[in-house]
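**Student:** Build me a structure from this.
(chains A, B, C and D)
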Protein chains: 2
Amino acid sequence: MRRKLTQRGKDRRRQLMEHAAALFAERGYHPTSVADIVESLRVGKGVFYWYFSSKEELLSEILRESQQDLRRRQQQAIGEEPNPVVRIELGIRATIDWFLEHRKYFTLFQFAASDERFAPVLRRNHDVAIADAARHIKEAIVEGLIADQNPEMLAEAIVGACNQLTRTYVFDRNEPVDRTAEAAVSFCLHGIVGT
Amino acid sequence: MRRKLTQRGKDRRRQLMEHAAALFAERGYHPTSVADIVESLRVGKGVFYWYFSSKEELLSEILRESQQDLRRRQQQAIGEEPNPVVRIELGIRATIDWFLEHRKYFTLFQFAASDERFAPVLRRNHDVAIADAARHIKEAIVEGLIADQNPEMLAEAIVGACNQLTRTYVFDRNEPVDRTAEAAVSFCLHGIVGT
DNA sequence: AACGTTCTTGACCGAATGGTCAAGTCACCG
DNA sequence: CGGTGACTTGACCATTCGGTCAAGAACGTT
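**Tutor:** Residues are numbered from 1 along each chain as shown, chains lettered A, B, ... in the order given. Model (predicted):
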């Protein structure tokens, strides 16, 4: 539903998205009904369909905007850092930090990746993120800082390792972010054999 | 439903599980109804509820049995290999191979991890797998083959990196398993900096 | 105050959905 | 053959779901 929104409208929209995201992450997308969302917000059902044309569109928007936010944070963290390897490290730390502040999106992204209707929304952003990381890696290879391997593959592996570590240590076990980030960076740079 | 099953019964049960797993992976767990499952198998609905007490139990069983199968494959691949680093490498390759033959479980595991009702089923097996890998890593550390770092953390990172590479290259892009496995092993052993 | 637009209400609807069950079929054993 | 327990049928049910809509409230502008 593309409509003109007043400030009041924009606030409602945000409120709906934030709240729905929390419910989706907690109980799951399908088990959370539109009625659940509006009832816990104490508004009528019509409010929902004024801002979103369907439940599906709602989740797509949530995914789009949150991924945008994560990307913004990553780029902000990297800043003007000249060393590409350090840029990668900064990106990893920023990502873990962001997920710590936005736990709910972790579960949400995971669900979305398993659903063929939402996976494409994720894919596009994922590809951009990988391309970004791959650029830094390529630079590092050119500068002779790291070995010459497929940059995209390395980027994917880094993302995978960091996500897994974040889930297990930061979310499941409430370990401090710093130590996890340290381990993630160390693993991504030197693997298990080590320096 | 714990009941005595004849051979005929066991076959039906298998058939239901295999078929349901395929449908779940394709269209998603919630969007696939019990009616969908039994109709495409051209049997009555009662058949389903003879073998499973609920749709939820069905997925739990699918997860349990498939994870068991994966684990069996990993242990078989490792065999009696004396070198712990090589054991890890063999385990990685076996895992990628298994997922290649059982694509559908990849999506299924991913969904299950995002649902609080199924995540525990996954967790238990995941923890066992991590403990296994950590044992090999610890041995490698003792033998001085790799640097002294938290073995469990390394194990988690390895799993994360391999899963991500498998999804992107083997599933999404149909790249040959060998090259992916090669990259996964290389990354896990030496990271991006390289040897 | 009056008017158009944005926003809100909540009863309502058709279409599923997960699950039940009384009745019947099949395979095997004595 | 007759009987027993393993299996199968499919109509049926209560409930819930995503989504609609006619009616009205709130707001901004003039």
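
**Student:** switch to C-alpha atoms for all contacts and neighbour counts from now on
**Tutor:** Noted.

**Student:** pLDDT weak spots in chain A?
**Tutor:** Low-confidence segments of chain A (pLDDT under 70): A:1-3, A:195.

**Student:** What residues does it have near DNA strand C?
**Tutor:** Contacts of chain A with DNA strand C, taken as C-alpha under 7 Å from any atom of the strand, map to A:3-10, A:12, A:42-47, A:50.

**Student:** Filter those residues down to the ones in helices?
**Tutor:** A:Gln7, A:Arg8, A:Gly9, A:Lys10, A:Arg12, A:Lys45, A:Gly46, A:Val47, A:Trp50 (DSSP state H).

**Student:** so which of these are also by DNA strand D?
**Tutor:** A:Lys45, A:Gly46.

**Student:** out of the ones in helices among the residues of chain A next to DNA strand C, which is most surrounded?
**Tutor:** In terms of neighbour count, A:Arg12 stands highest of these at 16 neighbours, by other C-alpha atoms under 10 Å in any protein chain shown.

**Student:** Roughly how far does that one sit from A:Ala20?
**Tutor:** Going from A:Arg12 to A:Ala20 by C-alpha to C-alpha, to the nearest Å gives 12 Å.

**Student:** Just the element for A:Gly160, please.
**Tutor:** helix A:151-165 (DSSP states H and E).

**Student:** List the buried residues in that helix.
**Tutor:** In terms of neighbour count (16 or more other C-alpha atoms under 10 Å in any protein chain shown), helix A:151-165 has its buried residues at A:151-165.

**Student:** Farthest pair within these?
**Tutor:** Spatial extent of the buried residues of helix A:151-165 (C-alpha to C-alpha) is set by the pair A:Pro151 and A:Leu165 at 21.2 Å.

**Student:** related to what we said a few turns ago, of the buried residues of helix A:151-165, list those near chain B.
**Tutor:** A:Met153, A:Leu154, A:Glu156, A:Ala157, A:Ile158, A:Val159, A:Gly160, A:Ala161, A:Cys162, A:Asn163, A:Gln164, A:Leu165 (C-alpha under 8 Å from any C-alpha of the partner chain).

**Student:** just these now: which is nearest DNA strand D?
**Tutor:** Nearest to DNA strand D among those: A:Asn163, at 28.5 Å, using C-alpha to the nearest atom of the strand.

**Student:** Please list all residues in contact with the residue nearest to the spatial centre of chain A.
**Tutor:** The centre of chain A sits closest to A:Gln67, judged by C-alpha atoms, centre = their mean, with a distance of 5.0 Å. By C-alpha atoms under 8 Å, 6 or more residues apart in numbering or on different chains, the contact list for A:Gln67 reads A:Asn125.

**Student:** and it, what helix or strand is that in?
**Tutor:** Assigned by DSSP H and E, A:Gln67 belongs to helix A:55-78.

**Student:** close to DNA strand D, is that helix?
**Tutor:** Yes - using C-alpha under 7 Å from any atom of the strand, helix A:55-78 comes into contact with DNA strand D via A:Lys55, A:Glu56.

**Student:** before we move on, what about stretch A:118-138?
**Tutor:** No - against DNA strand D, stretch A:118-138 shows no contacts by C-alpha under 7 Å from any atom of the strand, the least distance being 14.3 Å.

**Student:** sorry, back to before: helices or strands up against the helix or strand following the helix holding A:Gly160?
**Tutor:** Note on helix A:151-165: by DSSP H and E, the next helix or strand toward the C-terminus is helix A:177-190. Counting contacts by 3 or more C-alpha pairs under 8 Å, 6 or more residues apart in numbering or on different chains; DSSP states H and E, helix A:177-190 is packed against helix A:84-101, helix A:151-165, helix B:151-165, helix B:177-190.

**Student:** Those helices: which one's closest to B:Ser114?
**Tutor:** Going by C-alpha to C-alpha, the one of the helices and strands packed on helix A:177-190 nearest B:Ser114 is helix A:151-165, 13.2 Å.

**Student:** Next one: the closest residue to DNA strand C within chain A from A:Ile37, what distance?
**Tutor:** Of all residues in chain A, A:Gly46 sits closest to DNA strand C, at 2.7 Å by C-alpha to the nearest atom of the strand. According to C-alpha to C-alpha, A:Gly46 stands 12 Å off from A:Ile37.

**Student:** Span of stretch A:29-44 from start to end?
**Tutor:** 20 Å.

**Student:** Tell me the gap between that stretch and the middle of its chain.
**Tutor:** How far stretch A:29-44 lies from its chain's middle: 24 Å, per C-alpha atoms, centre = their mean, to the nearest Å.

**Student:** now what about it, what contacts it?
**Tutor:** The contact list for stretch A:29-44 (C-alpha under 8 Å, 6+ apart) reads A:Leu16, A:His19, A:Ala20, A:Leu23, A:Phe24, A:Lys45, A:Val47, A:Phe48, A:Lys55, B:His30.

**Student:** can you do 10 Å?
**Tutor:** If you take C-alpha atoms under 10 Å, 6 or more residues apart in numbering or on different chains as the criterion, stretch A:29-44 is touched by A:15-17, A:19-26, A:45-49, A:54-56, A:59, A:108, A:111-112, B:29-31, B:114-115.

**Student:** On the three-state scheme, A:Asp148 is what?
**Tutor:** Under DSSP: H, G, I helix; E, B strand; the rest coil, the three-state class of A:Asp148 is coil.

**Student:** Phi, psi for it please.
**Tutor:** phi -80, psi 100 (degrees, to the nearest 10).

**Student:** and the closest residue in space to it that isn't next to it in sequence, what is it in contact with?
**Tutor:** Nearest residue to A:Asp148, sequence neighbours excluded (C-alpha to C-alpha, 6 or more residues apart in numbering or on different chains): A:Ile141, at 5.8 Å. By C-alpha under 10 Å, 6+ apart, A:Ile141 lies in contact with A:Pro84, A:Val85, A:Arg135, A:Ala147, A:Asp148, A:Gln149, A:Asn150, A:Pro151, B:Ile192, B:Val193.

**Student:** Alright, that wraps it up for me.
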